[in-house]
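In: Provided below are the primary sequence and the corresponding predicted coordinates.
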Amino acid sequence: MEKITSRDNARIKYACKLAASAAFRRSEGRFFAEGRKLCPELARGAALETLFCTAAAAEKCPELASLPGEHFLVEDHVADKLAGVPAHQGVFGVFRTPVHTLDEVRAGGRYLALECVQDPGNVGTLLRSAAAFGFDGVILSDGCAAPYAPKTLRASMGAAVRLPVIEAGAMPPVIAALRGRGIECLAAALYRSEPLSTARAGQGGVCIVIGSEGQGLTQQTIDACDRTVRIPMTDRVESLNAGIAGSILLWHFRGAGL
């Protein structure tokens, strides 16, 4: 493998810019990831174009040599720049971003829609839960944490490429499009809501719609949905964060046989 010894190498600068900028990721159609387990996992669902690894990582993980794309050895100080943190695993990748649209949404499917969920950990957790519970795709409104940002990718543990992730605009028109295909849309909200213990999905498919950590769903999005559902809780806590609440809802409306 060719060795990169300079932190100012053009490939290193390019990878760092992908890690730092959502706008640059969108314009390039690529994303950056780090991790001995995460990079091979992502390579199963997204095209790996460039792999960087330290000599220690290459020795510890010989299976990395079988991954596709161009491979480069990087010195430790170069790996430190790629990671942006003192502790890292010495394995980094540049991947081509999968592209999915609302045209892929099918009648009878199970979907998760997130409106302005800004925390990368929550978005990553919900992507992972959606994949685990057999959902067919995740739809993100404007204002959500970027699904291919490094923090989101780490939280999702590769789930961002295991199921379609559709980045849409405002949520109410998305809800209208889903309902037009016979998919019942259920808003997670407290006002005039049905307890989860009695909530059932129809036969035409379901979409669980979850709002931001602080504000919840907008009223326009709630009004666009078919029904509202809530998770019954004791008065010991005021609320659950979006990752936990959404995962409970996803489990409740999981696919048959899970």
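Out: Structure's in. What do you need?
In: how close does E194 sit to G202?
Out: Distance, E194 to G202, by Cβ to Cβ, to the nearest Å: 13 Å. Every residue, glycine included, has its C-beta placed from N, CA and C.
In: How about P173?
Out: 21 Å.
In: helices and strands around the host helix or strand of N122, which ones?
Out: Under DSSP states H and E, the secondary-structure element containing N122 is helix 120-132. Packed against helix 120-132, as judged by 3 or more Cβ pairs under 8 Å, 6 or more residues apart in numbering; DSSP states H and E, are the following elements: strand 110-114, strand 137-140, helix 150-156, helix 242-252.
In: Where do the strands of the protein begin and end?
Out: 2-4, 30-34, 48-53, 70-74, 91-96, 110-114, 137-140, 165-167, 184-188, 194-195, 206-210, 227-230 (DSSP state E).
In: Check what contacts the first one and list those residues.
Out: Taking contacts as Cβ atoms under 8 Å, 6 or more residues apart in numbering, the residues outside strand 2-4 that touch it are 11-12, 52, 72-75, 78.
In: From these, list just the buried residues.
Out: Buried members of these, counted by 16 or more other Cβ atoms under 10 Å: 11-12, 52, 72-74, 78.
In: which one of the residues you listed sits closest to E41?
Out: F52 (16.6 Å; Cβ to Cβ).
In: Can you give me every residue that contacts the closest residue to the closest one other than its chain neighbours?
Out: The spatial neighbour of F52 that comes closest, neighbours along the chain excluded (Cβ to Cβ, 6 or more residues apart in numbering), is F92 at 4.3 Å. Each residue near F92 by Cβ under 8 Å, 6+ apart is listed here: 15, 32-34, 39, 51-53, 74, 79, 82-83.
In: can you list those residues in JSON lines and add distance to A189?
Out: Listed next are the contacts of F92 as JSON lines, based on distance: Cβ to Cβ, whole Å:
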{"residue": "A15", "distance to A189": "41"}
{"residue": "F32", "distance to A189": "36"}
{"residue": "A33", "distance to A189": "34"}
{"residue": "E34", "distance to A189": "37"}
{"residue": "C39", "distance to A189": "38"}
{"residue": "L51", "distance to A189": "44"}
{"residue": "F52", "distance to A189": "45"}
{"residue": "C53", "distance to A189": "46"}
{"residue": "V74", "distance to A189": "48"}
{"residue": "A79", "distance to A189": "45"}
{"residue": "L82", "distance to A189": "42"}
{"residue": "A83", "distance to A189": "40"}
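In: Pull up the pairing partners for the worst-scoring helix or strand of the chain on mean pLDDT, direction included.
Out: Within the chain, no helix or strand scores below strand 194-195, which has a mean of 78 by mean pLDDT, DSSP states H and E. Neighbouring strands of strand 194-195 in its sheet, by DSSP bridges, are strand 227-230 (parallel).
In: Please work out the average pLDDT along the partner strand.
Out: In this model, strand 227-230 has a mean pLDDT of 90.
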